[in-house]
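>>> with the sequence up front, the predicted model follows.
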Amino acid sequence: MIKFFKVMLMTILMVCGAETLAADSTNQAGQVITNIRFDGAGKNLYFETEGKWDANGCDATYIWVKPTVLGQQEILSIALAAKMANKKVRFAGECDENTNYFKAHYITML
């Protein structure tokens with residue numbers, strides 16, 4: 001039974017890791033979140049920093065977490081903890097067609 005759980009855990013970690021590796025990300029040094037916005041009508045979540053989020057392929061002003069992202073509330077929780085602790089974060093996802101937005105599905109608190 002323990003072996004089964006170890007195999008499941010390794011599989012989950014590999015899948016999550018592969019998804020992150022395949023995605024673009026904001027700079028590896030991370031940045032501090034200065035502003036968090038939530039659009040109640042559209043249920044979209046936005047994060048801002050001083051200046052721009054230095055992301056691969058775009059120079060985004062906003063990190064955008066769509067309501068269709070599984071774990072949107074968990075991303076918000078980590079972001080709030082990082083903001084309160086003044087910790088840097090980085091995001092993984094992809095640049096939107098409008099390069100002012102980076103569509104994120106993964107957050108890392110540094």
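Structure's in. What do you need?

>>> now do Lys66 against Ala104, distance only.
With distances taken as C-beta to C-beta, to the nearest Å, Lys66 is found 9 Å from Ala104. Where you see a C-beta, it was placed from the backbone N, CA and C, and this is true even at glycine.

>>> how many other residues sit next to Gly57?
Neighbours of Gly57 under the rule other C-beta atoms under 10 Å: 10.

>>> swap that for Tyr46, sorry
For Tyr46, the neighbour count with other C-beta under 10 Å is 16.

>>> now swap in Pro67 and tell me
Neighbour tally, Pro67, other C-beta under 10 Å: 10.

>>> in this structure, where is pLDDT below threshold?
Applying pLDDT under 70 to the chain flags residues 1-23.

>>> can you give me the helices for it?
Under the criterion DSSP state H, helices of the chain are mapped to 2-22, 72-85.

>>> first-to-last residue distance for stretch 40-58?
The first residue of stretch 40-58 is 26 Å away from its last residue (C-alpha to C-alpha, to the nearest Å).

>>> so what touches that stretch?
Stretch 40-58 is contacted from outside by 24-27, 31-39, 59-67, 72, 75-76, 79, 89, 91, 94-96, 99-102, 104, using C-beta atoms under 8 Å, 6 or more residues apart in numbering.

>>> give me the buried subset of these.
24-26, 31, 33, 60, 62-65, 72, 75-76, 79, 89, 91, 94-95, 101-102, 104 (16 or more other C-beta atoms under 10 Å).

>>> quick check: bridge partners of the residue lying closest to Ala29 once chain neighbours are set aside?
Counting by C-beta to C-beta, 6 or more residues apart in numbering, Ala29 lies nearest to Lys88, which is 7.1 Å off, once chain neighbours are set aside. Taking DSSP bridges, one finds Val32 as the beta-bridge partners of Lys88.

>>> ok now do Lys88, which residues does it touch?
Residues near Lys88 by C-beta under 8 Å, 6+ apart: Ala29, Gly30, Gln31, Val32, Ala82, Met109, Leu110.

>>> and those residues, which two are the farthest apart?
Farthest-apart pair in the contacts of Lys88 is Ala29 and Ala82; separation 14.1 Å (C-beta to C-beta).
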